[in-house]
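# 3D model of this:
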Amino acid sequence: MKHRINLREDLVLSQRLEKLFERDGHCGDDGTYRVTSLYFDTPYDDALREKINGVNRRKKFRLRYYGQDVSYIRLEKKSRIDGLCEKRSTMLTESQAARVLSGDTGFLAGSGDPLLEEFYSEIKGRILCPKTIVTYEREAFVYAPGNVRITLDRNIRTGLGSVDFLNPDVFTMPALESVTVLELKYDRFLPDIARHAVSVPGRTAEACSKYAVCRRFD
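Here you go, the predicted structure:
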């Protein structure tokens, strides 16, 4: 579940969550870490249009790294079917990611990795190409029962194109100001403590796609 919340609600939730749950092990000294993603889409923006139109079965691909470390890059595929989400991921080296961004994708086909081979098929069959960079600061909490993960994503910014994706100092501009994106993820069940922890009286939450928000600047 993903919603927009305002800064007051963010402050309330952050203080509450740190008293109830453990922080994600990737968090830095300030309790947060930076996420940088590069989203792919077709020439007709199928992934974007399917999101906006609420298509029941949809998917999108992205490359992602954390903080300043571009040696740890993941290819991720997010799928949504009947309201349920699935995420699959696999690793890429910095040099492999650079090859993908330069259009040299043939090595994906013979990689032996099912996700990399599917990505190659999408690139060739649906002409997937890089669309936009999305970056933000994330505060994350975890709770083992239900494999619960609660994240607060702040300072959401965007960078047009993909040339500098592997540069941690790439120029970005604000995409969603004075708004935090709250995400609540879990597996087979959601414990009551987590459900109640993210509740804020009077909150009028609305769904939010960081990718769709950042594509407004095209």
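# which helix in the chain has the most residues?
Longest helix of the chain, by residue count under DSSP state H: helix 7-20.
# buried residues in that helix, which are they?
9, 10, 13, 14, 16, 17 (16 or more other CB atoms under 10 Å). For every residue, glycine as well, the C-beta is placed using N, CA and C.
# pLDDT (mean, whole number) over it?
Helix 7-20 shows an average pLDDT of 94 in the prediction.
# and it, how far out from the chain's middle?
Chain-centre distance of helix 7-20: 21 Å, with CA atoms, centre = their mean, to the nearest Å.
# which residues does whichever helix or strand comes after it contact?
Using DSSP states H and E, the next helix or strand after helix 7-20 towards the C-terminus is strand 22-23. With contacts defined as CB atoms under 8 Å, 6 or more residues apart in numbering, strand 22-23 is touched by 31, 139, 140, 141, 142, 143.
# and what of stretch 99-114?
Residues outside stretch 99-114 that contact it (CB under 8 Å, 6+ apart) are 38, 63, 90, 92, 96, 116-117, 119-120, 123-124, 130, 162-163, 165-166.
# where do the helices sit along the chain?
7-20, 46-53, 94-102, 106-109, 114-125, 192-197, 210-214.
# and the second one, which residues are buried?
So that's helix 46-53. In helix 46-53, counting by 16+ other CB under 10 Å, buried: 46, 47, 48, 50, 51.
# look up the pLDDT of residue 142 for me, please.
96.
# how much space between it and residue 22?
Counting by CB to CB, to the nearest Å, the gap from residue 142 to residue 22 is 6 Å.
# what of residue 156?
To residue 22, residue 156 is 25 Å away according to CB to CB.
# okay, these two: which has more neighbours?
residue 156 (22 against 13; other CB atoms under 10 Å).
# the more buried one reaches residue 175, doesn't it?
Yes - applying CB atoms under 8 Å as the test, residue 156 and residue 175 come out as touching, 5.0 Å apart.
# among the contacts of strand 22-23, which are located in strands?
139, 140, 141, 142, 143 (DSSP state E).
# pretty sure the last one contacts residue 189?
What that stands for is residue 143. No - taking contacts as CB under 8 Å, residue 143 lies outside contact range of residue 189: 11.7 Å.
# out of these two, which sits in the busier spot?
residue 143 (19 against 11).
# which residues does that one bridge with?
Residue 143 has the following beta-bridge partners by DSSP bridges: residue 148.
# residue closest to the middle of the chain?
residue 37 (6.7 Å; CA atoms, centre = their mean).
# other residues contacting stretch 73-91?
56-65, 72, 92-94, 96-97, 113, 115-116, 118-119, 185.
# residue ranges with poor pLDDT in this protein?
Counting by pLDDT under 70, the chain contains low-confidence ranges at 161, 163, 202-207.
# enumerate every residue touching the nearest residue in space to residue 50 that is not next to it in sequence.
Closest residue in space to residue 50, ignoring its immediate chain neighbours: residue 58 at 4.1 Å, by CB to CB, 6 or more residues apart in numbering. By CB under 8 Å, 6+ apart, the contact list for residue 58 reads 47, 50, 51, 79, 80.
# please redo it, this time with the cut-off set to 10 Å
46, 47, 49, 50, 51, 78, 79, 80, 81 (CB atoms under 10 Å, 6 or more residues apart in numbering).
# how near is residue 143 to residue 76?
22 Å.
# err, residue 147, not the other one
For residue 147, the distance to residue 76 - CB to CB - is 17 Å.
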